[in-house]
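Engineer: Predicted model and sequence below, questions to follow.
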Amino acid sequence: MNKRCACSIKNMGFIKEALKSEVLGKTDYQLFDKETADGYRQTDTEVMNKKTELSREENTKLPNGEKVVLLSTKRPLLDKNNNVIGILGNTIDITERKKMEEELRRAKEAVELASEAMVKAEAEKAAARAKADAEQEMRKTVMVLVGDIVHDLRTPIATIRTVTAILSSIHPALLEMVEELKGLGGKKYNLLNKKKWDYLLENTPITSLQSSVNLMDNFINSSLAELASAQKAQNAELTHEDLTICSSRRILENTLDSYPDLPTKIKIHQFISYDFYLMGNSILIMKILFNLIKNAIEQITLKNHGKGAITITTEEGVDCNLLKIKDSGGGAPPEVVANLFTGYFTTKEHGTGIGLAYCKKTMQLFGGDLTCKSIYGESMEFILSFPKVKSKNPIR
């Protein structure tokens, strides 16, 4: 025991005066609390039994309740016969160092967690960008392919139109020839098969063929216009010039009129008591409605054996106007509804989400939105919201 040791014990508050007499002759249990004394005694016993030097971090509770960490190095004191007669030790307070080490460890963990989060976030962003780029490229490819197909249709249509024109010019002469043959009477007319000639006169296909060609030509023109608008919507390039003020009732009527072969077993109920005006692209809005009606028909056909109803309503909201399309096709489970507007999400029953993702994005370009409500086992309802537009005379 030296003066320095006594000063250290006094500074920790275990003795009142830095005197050897305050320490000499006392055990650990007379100087320290039991928990601290037990720790010191365990280290001392191990040093004496093993006759070896040990360095230990010793947790010490001070009289004021504060806990400190001491680094003690102890070795046995031996006589000339190698018998243990005491212990030599040196102790330093490393509490501040331990606090700094703990703060450094926590800071390192925080940096690692932040780094992992940043790496994960960047990876997710990169994956999202790659997915979006892939989807955009695929949609562009599909649009180019469809555009090529539509353009290629013009050649056979032009040929059919030419043939129709030729037939139209021949048709009067043909009718005149038939009348002359009729006038000959008797066997010559019978040889020409009266029934076939009568059918030819009553059901000549020229007019019908011309009508079909005109219909196909109109389809091609509208398809090309739709592709141009869809391409702009895909690239978020729609400008104010691409938008017009439209009547919700007129667009809906045009959509239903253009839908081919509506199933007779599926009833379409329209409750358009509120005809509102909307700002948008009529071709793209018709495409959205067409897609939603097609999906509803397919769902009813799949779930209800082709029997069901589609209900279309309009409502005036606070900030926007609503157009709702509801079908009785049995709805979809929550996990499917949650992913309906995700590009390329696919289920066997509900098809691909490409069309719905496109529809939602287009509605958002108009300043509106497309949402869905489903009661699984009963119905599915799609809600189109349009910003309110003040106009008395809809353009389309």
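Structural biologist: Received the coordinates, thanks.
Engineer: going forward, measure contacts and count neighbours with C-alpha atoms only.
Structural biologist: Will do.
Engineer: next structured bit after the helix-or-strand element of the chain with minimal mean pLDDT?
Structural biologist: Ranked by mean pLDDT, DSSP states H and E, the weakest helix or strand in the chain is strand 351-352, scoring a mean of 44. Once strand 351-352 ends, the next helix or strand along the chain (criterion: DSSP states H and E) is helix 354-365.
Engineer: what angle sits between the next helix or strand after that next one and helix 354-365?
Structural biologist: The helix or strand immediately downstream of helix 354-365 is strand 369-375, counting by DSSP H and E. Angle, strand 369-375 to helix 354-365, by axes from the mean of the first three to the mean of the last three Cα atoms, to 10 degrees: 130 degrees.
Engineer: and strand 369-375, which strands flank it?
Structural biologist: In the sheet, strand 369-375 lines up against strand 379-387 (antiparallel) (DSSP bridges).
Engineer: For the strand it pairs with, output the C-alpha coordinates as PDB.
Structural biologist: Extracted in PDB, the C-alpha atoms of strand 379-387 (Å, rounded to 0.1, in the frame of the first residue of the first chain):
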ATOM      1  CA  SER A 379     -68.900  -7.100 -57.400                       C
ATOM      2  CA  MET A 380     -66.100  -5.000 -58.700                       C
ATOM      3  CA  GLU A 381     -66.400  -1.200 -59.200                       C
ATOM      4  CA  PHE A 382     -64.000   1.000 -61.000                       C
ATOM      5  CA  ILE A 383     -64.300   4.800 -60.300                       C
ATOM      6  CA  LEU A 384     -63.000   7.400 -62.800                       C
ATOM      7  CA  SER A 385     -62.600  10.800 -61.200                       C
ATOM      8  CA  PHE A 386     -62.400  13.900 -63.500                       C
ATOM      9  CA  PRO A 387     -61.500  17.500 -62.300                       C
END
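Engineer: which residues are contacting it?
Structural biologist: If you take Cα atoms under 8 Å, 6 or more residues apart in numbering as the criterion, strand 379-387 is touched by 278-279, 292, 319-332, 363, 366-374.
Engineer: So, low pLDDT: which residues of the stretch 251-396 of the chain?
Structural biologist: 343-354, 391-396 (pLDDT under 70).
Engineer: Please indicate which of the contacts of strand 379-387 are buried?
Structural biologist: 278-279, 292, 320-332, 363, 366, 368-370, 372, 374 (16 or more other Cα atoms under 10 Å).
Engineer: Do I have it right that Asp79 meets Gly86?
Structural biologist: No: using Cα atoms under 8 Å, Asp79 is not in contact with Gly86, being 9.2 Å away.
Engineer: Let me know whether Gly331 touches Leu340 as I believe.
Structural biologist: No: assessed by Cα under 8 Å, Gly331 is found out of contact with Leu340, at 12.0 Å.
Engineer: Need the residues touching each of the two.
Structural biologist: With Cα under 8 Å, 6+ apart, Gly331 and Leu340 have no common neighbours.
Engineer: one step back: which of Asp79 and Gly86 has more residues huddled nearby?
Structural biologist: Gly86 (14 against 10; other Cα atoms under 10 Å).
Engineer: And the pLDDT for the residue lying closest to the more buried one once chain neighbours are set aside?
Structural biologist: Counting by Cα to Cα, 6 or more residues apart in numbering, Gly86 lies nearest to Leu77, which is 4.8 Å off, once chain neighbours are set aside. For Leu77, the pLDDT comes out at 89.
Engineer: now do the one 5 residues further on
Structural biologist: In this prediction, Asn82 carries a pLDDT score of 89.
Engineer: now the helices: where do they sit in this structure?
Structural biologist: 3-11, 28-31, 34-50, 95-184, 186-191, 194-202, 206-234, 248-258, 282-304, 334-337, 354-365 (DSSP state H).
Engineer: quick one: which of those has the weakest pLDDT on average?
Structural biologist: helix 186-191 has the lowest average pLDDT among these, namely a mean of 51.
Engineer: Lovely, talk soon.
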